[in-house]
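[1] Here you go, sequence then predicted model.
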Amino acid sequence: MSARRLVASPALWVGALFVALLLGMPQLAPVFAWAFPGARPPVFDRGSFAELFLSHAGLVLAASLAASLAGVGLAVFVTRPAGRDFRALVDTLATVGQTFPPAAVLALAVPALGFGPRPTIAALFLYGILPVLENAVAGLEGVPAAVRDAAEGMGLSPWQRLRDIELPLAAPVILAGIRVSVTIAIGTATIGSTVGALTLGTPIFDGLAANKIPFVIQGAVLVALFAILTDMLFARLELRLRPPGAAAPTADRETH
């Protein structure tokens, strides 16, 4: 990528703004004090925003990694002859997991897992598995039959066909599902603060509880920028994986 294209990249500007606010939010205290004279302190001070971000990102990473591995693994299983009979059951369970409200998952998970990050990860996992599963199934089933027949004619084993042919061809569609899953997790992780997890939602809920609007704005802006930046980076990765002239994956088109 040329220097001019790099400078013109929206992801670069969004990333720069995100880092600047993440590290420099305390320096904006005079601005918030002027805009909201009744707020004391004008900037969230129970912890650094960098610390909140690292904790937030860690929760999203753990849950999204688990959801991606489970989603792709289940998709491979139900698209093989041995697992086709379980297709409807797996789809139903994944759909129920996403439609179940995250707050309800937290309420049920806290007695078993305790307060902190673990119930949050459980809720994010259940919420994030469906997009990965749906796209992985679509990607694997979208591999042309002629390609499968050619691979079989070359004497490749089922495992070799999956590893060398099907997964590489399905990768852009799978990545589109992971992209949706991760973006959802970034926004949903904020509710983890209600059960003791440190996230960028902590200033939001503290601000709502204490009627401090600056806290809400600070947390919400950082969460939004985090989600936008992550989505942009996934979009760039999808472009690299997509074959020349190929159409955008379904999840990619829907998110735009």
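    Received, thanks.

[2] how near is the residue of the chain most remote from its centre to residue 213?
    Within the chain, the residue lying farthest from the chain centre (CA atoms, centre = their mean) is residue 153, at 38.8 Å. Using CB to CB, to the nearest Å, residue 153 is found at 66 Å from residue 213. Where you see a C-beta, it was placed from the backbone N, CA and C, and this is true even at glycine.

[3] What of residue 237?
    36 Å.

[4] and if you look at residue 190?
    Per CB to CB, residue 190 is found 16 Å from residue 213.

[5] Out of those two, name the residue with the larger neighbour count.
    residue 190 (22 against 15; other CB atoms under 10 Å).

[6] Touching, the more buried one and residue 200? I think so.
    Yes: using CB atoms under 8 Å, residue 190 makes contact with residue 200 at a distance of 6.3 Å.

[7] shared neighbours, the two?
    Common neighbours of residue 190 and residue 200 (criterion: CB atoms under 8 Å, 6 or more residues apart in numbering): 56, 219, 223.

[8] Pull the contacting residues for the spatially most central residue of the chain.
    By CA atoms, centre = their mean, the mean C-alpha position of the chain lies nearest to residue 182, the distance being 0.7 Å. Counting by CB under 8 Å, 6+ apart, residue 182 touches 60, 64, 128, 230, 234.

[9] hmm, try it at 7 Å
    Residues in contact with residue 182, defined by CB atoms under 7 Å, 6 or more residues apart in numbering, are 60, 64, 230.

[10] So which of those wins on neighbours?
    residue 60 (28 neighbours).

[11] Which secondary structure state does residue 42 sit in?
    coil (DSSP: H, G, I helix; E, B strand; the rest coil).

[12] For it, report the pLDDT, please.
    At residue 42, the model reports a pLDDT of 91.

[13] Not counting sequence-adjacent ones, nearest residue to residue 132?
    Nearest-residue entry for residue 132: residue 71, 2.9 Å, with adjacent residues in sequence omitted and distances by CB to CB, 6 or more residues apart in numbering.

[14] Quick check: pLDDT value at the one you found.
    Looking at residue 71, its pLDDT stands at 93.

[15] again, but for residue 3
    pLDDT, residue 3: 52.

[16] Also residue 231?
    Looking at residue 231, its pLDDT stands at 93.
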